[in-house]
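> here's a sequence, model it:
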Amino acid sequence: MIFFKKTEDALSSVSSSAQSQQLTDLAKKIAQTELPEHARQQAVNELEKLEKTDPLAAEYAIGQHYLEILLSLPWCFSTQDNLDFNRAQAILSKHHFGLEHVKERVLEFLAAKTLRSQQKARILIVDDEEIARNNMRYFFAKDGYSVQTAGNGREALGRFENGGCFDVVITDLKMDEMDGIKLLERVTKISPDTNVILVTGYATVSTAVDALRKGATHYLSKPVQLEELKGVVKEVLQKQQRLHMGKGPVLCFTGPPGTGKTSIGRSVAMALGRIFVRVSLAGLRDEAEIRGHRRTYVGAMPGRIISEINRVKVNNPCFMLDEIDKIGQDFRGDPASTLLEVLDPEQNAHFIDHYLEIPFDLSSVMFIATSNDVSNLPGPLLDRLEVIEFPSYSDQEKLIIAKRYLVPKQLAENGLADLNTEFSDVALEKVIGDYTRESGVRGLDREIGTICRKIARIILVNKDSSQVRAVDDNMVTKLLGARKYRREAAEGNDVVGVVTSLVWTPFGGEIMFIEGLKMKGHNNLILTGSLGDVLQESAQTALSYIRSNAAMYGLAEDFFDQMDIHIHLPAGAIAKDGPSAGAAIAVAIISLLTERPARRDVAVTGEMTLTGQLLPVGGIRDKVIAAARGGVTMVLLPARNDEEVNALPDDVKNSLKLQLVGSLPELIESILL
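Okay, the predicted model is just below:
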């Protein structure tokens, strides 16, 4: 027993010594780490709790881990933004072909930030002593600041009320008519973003506390050292500039997969010189993933936003929230509602992670979101986003992207860069047309990679690279096998009751064939193909229009009395809905009833009214590109979409014939034989 007693005493002594050393190290780290006051106070309080806790208790390890995370966060460390607009423009042009509208909007965003940073800081000096005013005005003006002066608080307040805007106000405390404290109270209400620095010869602890409580940024006593004041002003303006860089619209890139949303975000971060962070929100269902877990839970940890900021060790990264439209919701909370605070510039300066339990400033973070379909987002969240649409790539754009980016990348990755292997334009066009069917270039990249790997294998087996240096269309067929996709519209026959329609999906434009059959029955309209409410109503509208205008199309007034009509949209396992197929359904029914075949190489899109007028629809570019991929030679579009048609790039407009029609009778004459 004596032996074990001595061992326990020895272990206790060692444990106590280790605990003392750990606490000493933590105290030193708290003293050396740059922290905001509320974070420092939280760290000190947590350390005091640890000092009173048994090191063998579970709470000790939890508290120690909390302190380590708290002290490792980049509370005050940020990277300096590179606001060279020409450099940003060069980076976007070099890394991305096409997407002119997207690049233009991103450059507008960066241009506004650049001009804001180059704008002279505006300082208002308020002092009833003319000599002091003039000295400070001269001192700051020679450093490039825009300086104005006022003799008292009332005069200074008049500058704000007359539309004046200032970044910093340096004011004396004691003045006639209106003193510095009253001016501070009014300025914080009129212009909350303006920083107020109080300078006084009557400095006391009570006045300093009162000034800081009412919103003063700094409090200095006279006689003030101008160099010290200059340092304070510079620090305030740097912090304000970081806040302005983080404020503004949160960009949301939306479009089909593979169109460059994530890579554009990475280029924005590169242009600004910021660290790029990407977090996928797809399938996220627990709001604790974003806001963190409370420390009362076993295995508690910060949320993903704080964790990623802790990982990169800067408080102003370019933070991409990927797949924001695929957030889930269940009994564990609503993550989309949590994002309302994260993405709101007015709220995220005091973002509270449940694990930290104290505010962390996210206002310097540049958030960028991506999605495939913004219609899945809740209204309040969508209201906080500025949506930038990424269109589908045309075949010509894909060809250029493949030649400039994809082929060189795959040659290098597969060891063919030094063998002078070349892809002909015909070979790339064959890969684009026969082996991929997508809006982006992800599948094209995979197919080119497959060709390169097969070439690498041939070279190693035959010990000869001369036979595979030139890749043409015949070699593409040999290496990739039979083509995967066909031009449905070009290769089919004209059939009665079958119409080529164009639809938009979150993955780009698609061709959809609308099929109709008639049979003996009792005036039933049968709709199959997993049609949504909008499509069903479109079909009812089309049939009602045709019945009311039967004579116009040479039909008997009672043609529907002894007949059933069946409308089917193939791929019944896929749910379909939207206001784009009304006109095509009407054409299919008229073709069926008049027994006039519909041209398979002519595609139609548009919604119609009960009077036969065509209404405009969206996704024109994506639909036209899909039509060209499917071998369509002519697309019939609503006349009210003329602005969208005129805005199409020349290579898209020249790929097929585009005809604008205003009503269903015009449409019938152009598509039925």
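> could you find the closest non-adjacent residue to Ile620?
Glu644 (4.3 Å; Cβ to Cβ, 6 or more residues apart in numbering). In this view, the C-beta of every residue, glycine as well, is placed from N, C-alpha and C.
> give the buried residues for the helix or strand hosting that neighbour.
Assigned by DSSP states H and E, Glu644 belongs to helix 642-646. Neighbour counts over helix 642-646 (16 or more other Cβ atoms under 10 Å) mark Glu644, Val645 as buried.
> what pLDDT, on average, does it get?
Mean pLDDT, computed over helix 642-646, is 87.
> what's the single longest strand in this structure?
Identified as the longest strand of the chain according to DSSP state E is strand 508-520.
> what's the helix or strand following that one in contact with?
Remark: after strand 508-520, the chain's next helix or strand is strand 524-528, criterion DSSP H and E. Strand 524-528 has contacts (Cβ atoms under 8 Å, 6 or more residues apart in numbering) with Leu535, Gln536, Ala539, Gln540, Leu543, Asp564, Ile565, His566, Ile567, His568, Leu569, Gly572.
> just to revisit the earlier point, show me what the longest strand of the chain is packed against.
helix 488-491, strand 498-505, strand 563-568, helix 582-594, helix 620-629 (3 or more Cβ pairs under 8 Å, 6 or more residues apart in numbering; DSSP states H and E).
> hmm, 6 Å instead?
strand 498-505, strand 563-568, helix 582-594, helix 620-629 (3 or more Cβ pairs under 6 Å, 6 or more residues apart in numbering; DSSP states H and E).
> to Gln225, which of those lies closest?
helix 620-629 (62.5 Å; Cβ to Cβ).
> off-centre distance for that closest one?
24 Å (Cα atoms, centre = their mean, to the nearest Å).
> equivalent analysis for stretch 145-164, please.
The answer for stretch 145-164 is 40 Å, by Cα atoms, centre = their mean.
> burial count for the nearest residue to Phe360 once chain neighbours are set aside?
Nearest non-adjacent residue to Phe360, counting by Cβ to Cβ, 6+ apart: Phe351, 5.4 Å away. Look at Phe351: counted by other Cβ atoms under 10 Å, it has 22 neighbours.
> give me the phi and psi for Phe351.
The phi and psi values for Phe351, taken as degrees, to the nearest 10, are phi -70, psi 130.
> what about the contacts of strand 524-528, which one has the most neighbours?
Neighbour-wise, those (other Cβ under 10 Å) top out at Ile567, 26 neighbours.
> that residue is in contact with Leu517, isn't it?
No. Using Cβ atoms under 6 Å, Ile567 is not in contact with Leu517, being 8.4 Å away.
> which SS class is Ile388?
Of the three states, Ile388 takes strand according to DSSP: H, G, I helix; E, B strand; the rest coil.
> tally of neighbours for it?
The burial count for Ile388: 21, using other Cβ under 10 Å.
> Gly328 now?
That count, for Gly328 with other Cβ under 10 Å as the rule, works out to 14.
> how near is the closest residue to Thr611 other than its chain neighbours to Ile671?
Leaving out its chain neighbours, the residue that sits closest to Thr611 by Cβ to Cβ, 6+ apart is Tyr545, at 7.5 Å. Taking Cβ to Cβ, to the nearest Å as the measure, Tyr545 and Ile671 are separated by 16 Å.
> which one's more surrounded, the two?
Each of Tyr545 and Ile671 has its neighbours counted (other Cβ under 10 Å); Ile671 has more, 27 against 20.
> now the strands for the stretch 351-500 of the chain?
351-352, 359-360, 366-371, 385-389, 422-423, 470-471, 498-505 (DSSP state E, counting those that start in this stretch).
> what residues does the helix holding Glu644 touch?
Ile620, Leu658, Leu660 (Cβ atoms under 6 Å, 6 or more residues apart in numbering).
> who wins on neighbours among those?
Counting by other Cβ under 10 Å, top hit in the contacts of helix 642-646: Ile620 with 25 neighbours.
> please tell me the pLDDT value assigned to that residue.
86.
> where in the stretch 101-250 of the chain is pLDDT low?
201-215, 240-248 (pLDDT under 70).
> helices along that one, start to end?
130-141, 153-161, 180-190, 205-213, 226-246 (DSSP state H, counting those that start in this stretch).
> quick one: stretch 259-277 to chain centroid distance?
The answer for stretch 259-277 is 11 Å, by Cα atoms, centre = their mean.
> for that stretch, list the C-alpha coordinates in PDB.
Provided in PDB are the C-alpha atoms of stretch 259-277 (Å, rounded to 0.1, in the frame of the first residue of the first chain):
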ATOM      1  CA  THR A 259     -19.500  26.600 -67.300                       C
ATOM      2  CA  GLY A 260     -16.700  28.100 -65.100                       C
ATOM      3  CA  LYS A 261     -18.500  29.400 -62.000                       C
ATOM      4  CA  THR A 262     -15.900  28.100 -59.500                       C
ATOM      5  CA  SER A 263     -12.900  29.000 -61.700                       C
ATOM      6  CA  ILE A 264     -14.200  32.600 -62.200                       C
ATOM      7  CA  GLY A 265     -14.400  32.900 -58.400                       C
ATOM      8  CA  ARG A 266     -10.900  31.600 -58.100                       C
ATOM      9  CA  SER A 267      -9.700  34.100 -60.600                       C
ATOM     10  CA  VAL A 268     -11.400  37.000 -58.700                       C
ATOM     11  CA  ALA A 269      -9.500  35.900 -55.600                       C
ATOM     12  CA  MET A 270      -6.300  35.800 -57.600                       C
ATOM     13  CA  ALA A 271      -6.900  39.200 -59.100                       C
ATOM     14  CA  LEU A 272      -7.400  40.700 -55.600                       C
ATOM     15  CA  GLY A 273      -4.500  38.800 -54.000                       C
ATOM     16  CA  ARG A 274      -6.900  37.100 -51.600                       C
ATOM     17  CA  ILE A 275      -6.800  33.500 -50.300                       C
ATOM     18  CA  PHE A 276      -9.500  31.400 -52.000                       C
ATOM     19  CA  VAL A 277     -11.700  29.200 -49.800                       C
END
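> so what strands line up beside the longest strand of the chain?
Using DSSP bridges, strand 508-520 pairs in its sheet with strand 498-505 (antiparallel), strand 563-568 (antiparallel).
> ok, back up a step: I'd like the helices of the stretch 101-250 of the chain as CSV, with mean neighbour count appended.
Shown next, in CSV, are the helices of the stretch 101-250 of the chain (neighbours: other Cβ atoms under 10 Å):
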stretch, mean neighbour count
helix 130-141, 15
helix 153-161, 18
helix 180-190, 18
helix 205-213, 13
helix 226-246, 16
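> rebuild these as CSV, extending it with distance to Lys174.
Listed next are those as CSV, based on distance: least, Cβ to Cβ, whole Å:
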stretch, distance to Lys174
helix 130-141, 12
helix 153-161, 10
helix 180-190, 7
helix 205-213, 10
helix 226-246, 18
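> Arg437 versus Asn474, what's the distance?
22 Å.
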